[in-house]
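S.K.: predicted model and sequence below, questions to follow.
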Amino acid sequence: MIYLDTHVVVWLYAGLTNKFSETAGTLINDHELFISPIVRLELAYLHEIERVTADSDAIIADLSQRIGLQVYDKNFNSIINLALAMSWTRDPFDRLIVANAAVHDDILLSKDINILTHYTFARW
């Protein structure tokens, strides 16, 4: 199982697979795909500010149908406990998305250089 960062979800929804590295493409094809519930919130935010055209539930429903994407619901308090220690970013979405993956040291697929630098199990 791997987790997807928000931009990965947006690119998959838009069919922009050319944006993925070879490693990213392989990980997507070879693993069950999950997102943190926080990705749903960030997608809603991006829709509200008109950076994405579809709402978060439409994006997730579409990707669930097409590629089996699932929202993983872990204990929120354990996620917050990990996020509190992530002082390397001021972005609350990044903190919570990384913390969600970090609860069980799961892979997080992200192109974000800050995440790749600071989260041991981030891949691109």
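M.R.: Structure's in. What do you need? Treat the numbers as computed from the prediction; the structure is a model and nothing was measured.
S.K.: which residues touch A44?
M.R.: A44 is in contact with 55-56, counting by CB atoms under 8 Å, 6 or more residues apart in numbering. Placement of C-beta: from N, CA and C, glycine included.
S.K.: so which strand or helix has it?
M.R.: Following DSSP states H and E, one finds A44 within helix 37-48.
S.K.: what comes into contact with the helix or strand just after that helix?
M.R.: Going down the chain from helix 37-48, the next helix or strand is helix 56-67, by DSSP H and E. Residues outside helix 56-67 that contact it (CB under 8 Å, 6+ apart): 9-10, 12-13, 28, 33, 35, 40-41, 43-44, 47, 52, 54, 69-71.
S.K.: ranges for the strands of the chain?
M.R.: For the chain, applying DSSP state E gives strands covering 2-4, 33-35, 70-71, 107-109, 122-123.
S.K.: what about the last one, average pLDDT?
M.R.: The pLDDT scores in strand 122-123 average 98.
S.K.: against which helices or strands is it packed?
M.R.: Applying 3 or more CB pairs under 8 Å, 6 or more residues apart in numbering; DSSP states H and E, we find strand 122-123 packed against helix 22-30, strand 107-109, helix 113-118.
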